[in-house]
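Participant: A structural model of the following input is requested.
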Amino acid sequence: MTTRFAPLDKLPLFPDEESLSAALLGAGKIVHWRQIAPLLEADGFPKVDALMGGRYAPAVRRWFDDQFRLTGLQPTASRDGPEALGTWKKKAARQG
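Facilitator: Next comes the predicted model:
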């Protein structure tokens, strides 16, 4: 079955792999898509939803936007442990 090209934002929420590959790579690229999809999934690309039978298209767009730093969001820093405010003053007083 040959799928015509449709932009990602015109696809259903859970497009099939052939439609998604056409939107991302161009029509007729399903064989190539099936080779690279597992590589992208290993890097966090959205997987095929078992119930819906396709990948969630907004998550696919978001993944690419994040990869190309188009979202404007920076990774947030994680806490390194409990805060101990004022302990630097105690250390400085002992050294002097």
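Participant: wouldn't Ser19 be in contact with Ala6 here?
Facilitator: Yes. Between Ser19 and Ala6 there is a contact under C-beta atoms under 8 Å: 6.6 Å. All C-beta atoms are positioned from the backbone trio N, CA, C, and that covers glycine.
Participant: Compare the two (neighbour count), which wins?
Facilitator: Each of Ser19 and Ala6 has its neighbours counted (other C-beta atoms under 10 Å); Ser19 has more, 22 against 15.
Participant: Check what pLDDT that one gets.
Facilitator: As predicted, Ser19 sits at a pLDDT of 95.
Participant: middle-most residue in the chain, spatially?
Facilitator: The residue lying closest to the centre of the chain (C-alpha atoms, centre = their mean) is Trp63, at 2.7 Å.
Participant: residues contacting the closest residue to that residue other than its chain neighbours?
Facilitator: The shortest distance from Trp63 to any non-neighbouring residue, by C-beta to C-beta, 6 or more residues apart in numbering, is to Phe45 (5.5 Å). By C-beta atoms under 8 Å, 6 or more residues apart in numbering, the residues touching Phe45 are Ala37, Val60, Trp63.
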